[in-house]
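*Asks:* turn this into a structure:
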Amino acid sequence: MAGKKNSEVTSAKVASAASKVLRDPKSSKAAKSAAASALTQRPNKKK
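*Replies:* Residues are numbered from 1 along each chain as shown. I've put the predicted structure just below:
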């Protein structure tokens with residue numbers, strides 16, 4: 001299991017929703033944690 005690359009990728013729609021949750025001051029800690037987890041699975045943007 002060690003060194004195995006995570007192939008799960010979050011869709012753009014889910015990433016957008018997660019971004020809104022993180023920016024909302026009324027979001028619960030659990031919601032923000034889940035949103036952050038989803039965003040860490042986004043592929044890096046190409047410059």
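
*Asks:* just give me the neighbour total for the residue nearest to Q41 when sequence neighbours are not counted.
*Replies:* Once flanking residues are discounted, Q41 sits nearest to T10: 4.4 Å by Cβ to Cβ, 6 or more residues apart in numbering. Just so you know, the C-beta spots here come from the backbone N, C-alpha and C atoms, and that holds for glycine as well. Neighbours of T10 under the rule other Cβ atoms under 10 Å: 18.

*Asks:* who touches T10 in this structure?
*Replies:* The contact partners of T10, taken as Cβ atoms under 8 Å, 6 or more residues apart in numbering, are A18, A38, L39, Q41, R42.

*Asks:* quick check: A18 vs A30, distance?
*Replies:* 13 Å (Cβ to Cβ, to the nearest Å).

*Asks:* in terms of neighbours, single out the busier of these two.
*Replies:* Per other Cβ under 10 Å, whichever of A18 and A30 has more neighbours is A18, with 22 against 8.

*Asks:* for the residue positioned nearest the centre of the chain, give me its contacts.
*Replies:* Centroid-nearest residue in the chain, with Cα atoms, centre = their mean: L39, separated by 1.7 Å. With contacts defined as Cβ under 8 Å, 6+ apart, L39 is in contact with T10, A15, A18, S19, L22.

*Asks:* contacts for the strand or helix carrying S16?
*Replies:* Counting by DSSP states H and E, the element that carries S16 is helix 12-23. By Cβ under 8 Å, 6+ apart, the surrounding residues in contact with helix 12-23 are T10, S27, A31, K32, A34, A35, A36, A38, L39, R42.

*Asks:* which one in those is the model shakiest on?
*Replies:* Taken together, the contacts of helix 12-23 show their lowest pLDDT at R42, with 75.

*Asks:* burial of that residue, as a residue count?
*Replies:* Other residues near R42 come to 15 when the count uses other Cβ under 10 Å.

*Asks:* could you say which helix or strand holds it?
*Replies:* Using DSSP H and E, R42 is not contained in any helix or strand.

*Asks:* about what we covered before: which positions in the strand or helix carrying the residue nearest to the centre of the chain come out as buried?
*Replies:* Using DSSP H and E, L39 falls within helix 29-40. Applying a neighbour-count criterion of 16 or more other Cβ atoms under 10 Å, one finds A35, A38 buried in helix 29-40.
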